[in-house]
Each structure stands twice: as C-alpha cells, then as structure tokens.
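*Asks:* got a predicted model here, sequence first, then my questions.
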Amino acid sequence: MGIASTEGPQLEGAVTVIGLGGLFIRTNKSQPFGTVLKLKLVDPVAAFEAEFTVRSVADNGMGVEITKISPENEQRLRALLMRLKA
C-alpha cells in the first residue's frame, strides 16, 4: 500500500503497519514530531483520506496517528482492515 500527501508537505511512502488508530509509513522524507499531514492511502482495492499527526520518527519512516477522518473514510479504512485480516 502506498500513501501520498493531498495537502501540506509532500510525502510519499509505503505503509507497513496499519490500524484504526494510525499507521507506520516507510519513507526517507519523515516529518518532525507533531506535524499535521493530510494523506491519501492508495491501494488497488480500497483508498481513503484522513488527517494524521506525526507521533514518532525513526530512521526508516514515521508513525502517524489518525486525528481527523470522515465517517465515509473511516468505513473504507474498516473495510480495508477486514480484507487484510481475512
């Protein structure tokens, strides 16, 4: 799964961990702790957009928390998680 910015700092990366609370993005363009990002997760089967806040930064990427998501996008995220769980 890939991810890209829809607004703000330009970011592209690969999602390696995903859950209802947030995700880990492998990228060489990490943002500082506390940065708010509007991102779109791009997957062949499902896609969703949300606002994220950077909560941890590592050499290989960053952990981001979902801080704002519409009900429609939350349903898309839940459907994606169910598909991944199966």
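*Replies:* Received, thanks. Keep in mind the model is a prediction, meaning the values are calculated, not measured.
*Asks:* what residues sit buried inside stretch 65-80?
*Replies:* Within stretch 65-80, the residues that count as buried by 16 or more other CB atoms under 10 Å are 66, 69, 73, 76, 77, 80. All C-beta atoms are positioned from the backbone trio N, CA, C, and that covers glycine.
*Asks:* which secondary structure state does the nearest residue to residue 67 once chain neighbours are set aside sit in?
*Replies:* Once flanking residues are discounted, residue 67 sits nearest to residue 53: 4.7 Å by CB to CB, 6 or more residues apart in numbering. Here residue 53 takes the strand state, with states given by DSSP: H, G, I helix; E, B strand; the rest coil.
*Asks:* against residue 23, how distant is residue 53?
*Replies:* Residue 53 is 12 Å from residue 23, where distance means CB to CB, to the nearest Å.
*Asks:* go on, residue 12?
*Replies:* In terms of CB to CB, residue 12 sits 14 Å off from residue 23.
*Asks:* more neighbours, the two?
*Replies:* residue 23 (24 against 14; other CB atoms under 10 Å).
*Asks:* host element of the nearest residue to that one once chain neighbours are set aside?
*Replies:* Excluding the flanking residues, the one nearest residue 23 by CB to CB, 6+ apart is residue 15, at 5.1 Å. Using DSSP states H and E, residue 15 sits within strand 12-18.
*Asks:* report the mean confidence score over the helix or strand that that strand is followed by.
*Replies:* Next helix or strand after strand 12-18 toward the C-terminus (DSSP H and E): strand 22-26. On average, the pLDDT along strand 22-26 is 96.
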